[in-house]
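In: Provided below for reference: sequence and predicted model.
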Amino acid sequence: MKEFDLFSVSTEQTTTRYVTFITPSLKRFDLAILSTNHFYGKKLVTDMMFGRSAVLGPDDLEEEGVLETAFRINEEEAAELAQFLTLVLGAVHFTD
């Protein structure tokens, strides 16, 4: 077996928030929102129903198509998801 070239290995304590909700258009989301310093203050948001994840911060919610592409949802669903995520993502804090 060939050896792996590891570029980085680290372990840290994280916080995960599990949220299930239904949007006004009756779309259900089961999310795991992982807070870590690894992503410069952004959070890893995972849709547990479909196994899709994205590293997101508040700036990403303003970018057209980010949520639609990451979670394979339509524009209306993305707008509703963005409305919710605005409440939980918080500000991005850069660290060294």
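Out: Okay, I see it. Bear in mind the structure is a predicted one, so any value in this text is a computation, not a measurement.

In: looking at this, Leu67 is in a helix?
Out: Yes. The assignment for Leu67 by DSSP: H, G, I helix; E, B strand; the rest coil puts it in a helix.

In: my guess is it contacts Leu81, does it?
Out: Yes. Between Leu67 and Leu81 there is a contact under CB atoms under 8 Å: 5.5 Å. Bear in mind the C-beta positions are built from the backbone N, C-alpha and C, glycine included.

In: Give me the common contacts of those two.
Out: Counting by CB atoms under 8 Å, 6 or more residues apart in numbering, the contacts common to Leu67 and Leu81 are Ile73.

In: how about whichever helix in the chain runs longest as CSV, C-alpha atoms only?
Out: The longest helix of the chain (DSSP state H) is helix 75-89. Provided in CSV are the C-alpha atoms of helix 75-89 (Å, rounded to 0.1, in the frame of the first residue of the first chain):
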residue,chain,number,x,y,z
GLU,A,75,-34.7,29.8,-5.7
GLU,A,76,-37.7,30.0,-3.3
GLU,A,77,-36.4,27.3,-1.0
ALA,A,78,-33.0,29.0,-1.0
ALA,A,79,-34.5,32.3,0.0
GLU,A,80,-36.3,30.7,2.9
LEU,A,81,-33.2,28.8,4.0
ALA,A,82,-31.1,32.0,3.8
GLN,A,83,-33.7,33.7,6.0
PHE,A,84,-33.3,31.1,8.6
LEU,A,85,-29.5,30.8,8.3
THR,A,86,-29.2,34.6,8.7
LEU,A,87,-30.4,34.1,12.3
VAL,A,88,-27.9,31.3,13.2
LEU,A,89,-24.6,31.9,11.2
